[in-house]
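> Just to be clear, the model below is a prediction. Sequence and coordinates:
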Amino acid sequence: MSETSTVAIADLELIALAQQGDRQAFGELVMRYRERVIGVVYRMCGDSQLAEDAAQEAFVRAWQQLPRYQPRAPFQSWLYRIALNRATDVLRADRETADVDDLPLVAQELEPEAAAERNALHEQVQQAVLALPEASRSVLILREYEGLSYKEIAETLDIPLGTVMSRLNYARGRLREWLCPLLEAGT
Amino acid sequence: MNGHVRQELEAYHDGQLHGAQQRRVAAHLETCTECCAALTQLERLSTLLQEAPAPETWLTPERFTAQVRLRLQPREAPARRRHHWVIPALLVGAWAFLEAVWVVSSGLLVALTLGLGEQLGVTWLQSAGGFNPWQLPQAVGQGWHGALPLFSFLASSLLSALMPLALLGGISILFWGWWVAWRPHESRN
Ligand SMILES: [Zn+2]
């Protein structure tokens, strides 16, 4: 299994190999899920540098926990759960060490006006998402950015379907309220 | 209007409704401007959220993966590897036990044959012959003692010698079997 003919290999096979300690197979899984894991952590914490580190740590944890993973549950959901836990840890650590005010605001550099305006808009949206409680934020992220079904979200977070719907409804309600001017403008 | 569909609107927007439920909401939306406006709001919100740029990444996918791989601890295969010493330990234990039993019973056999039973205080063995498997051949021998003493002696000695040998052979075969099965796991990684 040392040849890199892994492209066509299904996730399940890679998982089975990685469970037996095959690092190369696990590396292939990292390549496949890297973007999604970074994405989820980034949407949770709003800092891409932090997200990249946390995503790496999430994969290291996944490697440690892999022997206990059972293919009955979708691998993606299992991985998202680890990533979200990692994101929560990062947020907690950040809250303890830094002021909340200077948390995710990335340095605004000199930019052309239109781009600056666009960035300001995205910044506003991101701040609104980050202001949501973590529980409803994670549901919103899995739905809006990762496109998971309600059932998949329920599996990932290990919560009932009804809770997924109520948290999603709450998150959207708050965002509609906070981002009202942007939504009315009909961008 | 036959009742609004605000409850189901979000699930409808998320594509989570199917069949009759989905058709009912769709039909209602065709006639109700209020629910339609609510749906538009949901759609705008989704668009606004999804327009937010993806995270900037500093590392290339290859670099990212290489860094993760560097941090992976070597992992023992689950269960099998963690308890790999159990099987050989049991086999060695069984072997040591048999050796000990063999030595003791051979000693006793010699003593009994030489008629030293009384001096050693083990005369009860001659009548009972129960607790020790190595005494079984002897117990068999005891029955013929009067008629064929020589045959009885030879038979019991032969059985006493062969039985431990057979068991030791079995243990070595099991041990080598385990070794052959375990080796490939050892050299992996
Ligand atoms: Zn309506």
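Nice, I can see it. Numbering: from 1, shown residues only, chains lettered A, B, ... in the order given.

> what about residue B:36, how many neighbours?
14 (other CB atoms under 10 Å in any protein chain shown). All C-beta atoms are positioned from the backbone trio N, CA, C, and that covers glycine.

> and residue A:46, how many neighbours?
A count of neighbours around residue A:46, defined by other CB under 10 Å, yields 20.

> domain ranges for the chain?
Going with chain A. Domain assignment for chain A, taken from automatic domain parsing, gives A:1-100, A:104-187.

> my question was about chain B
If you go by automatic domain parsing, chain B breaks into B:6-70, B:78-188.

> before we move on, back to that, out of the domains of chain A, the one nearest the ion is which?
domain A:104-187 (16.8 Å; CB to the ion).

> near chain B, anything from the closest one?
Yes: Domain A:104-187 is in contact with chain B by CB under 8 Å from any CB of the partner chain, via A:122, A:125-126, A:129, A:140, A:143-145, A:149-150, A:165, A:168-169, A:172, A:175-176, A:179, A:182-183, A:186-187.

> Just those: which are in helices?
A:122, A:125-126, A:129, A:140, A:143-144, A:150, A:165, A:168-169, A:172, A:175-176, A:182-183 (DSSP state H).

> Helix or strand: which one has the residue positioned nearest the centre of chain A?
Within chain A, one residue has its C-alpha closest to the average C-alpha position: by CA atoms, centre = their mean, that is residue A:40, at 1.0 Å. Per DSSP states H and E, residue A:40 falls inside helix A:23-45.

> The residue nearest to the centre of chain A and residue A:90: what is the separation?
12 Å (CB to CB, to the nearest Å).

> any low-confidence regions in chain B?
Counting by pLDDT under 70, chain B shows low-confidence ranges at B:1-2, B:76-84, B:117-149, B:183-189.

> What residues does residue A:9 make contact with?
When contacts are counted by CB atoms under 8 Å, 6 or more residues apart in numbering or on different chains, residue A:9 is found next to A:25, A:28.

> how much space is there between it and residue A:22?
Distance from residue A:9 to residue A:22, by CB to CB: 11 Å.

> Then residue A:45?
31 Å.

> more crowded one of the two?
residue A:45 (21 against 18).

> show me the residues around that one that make contact.
With CB under 8 Å, 6+ apart, residue A:45 has these contacts: A:51, A:54, A:87, A:90, A:91, A:94, A:104, A:130.

> Next up, the contacts around the nearest residue in space to the residue nearest to the centre of chain A that is not next to it in sequence.
Leaving out its chain neighbours, the residue that sits closest to residue A:40 by CB to CB, 6 or more residues apart in numbering or on different chains is residue A:83, at 5.0 Å. Counting by CB under 8 Å, 6+ apart, residue A:83 makes contact with A:37, A:40, A:41, A:54, A:55, A:58.

> which regions of chain A sit below the pLDDT cut-off?
Ranges of chain A meeting pLDDT under 70: A:1-8, A:98-112, A:185-187.
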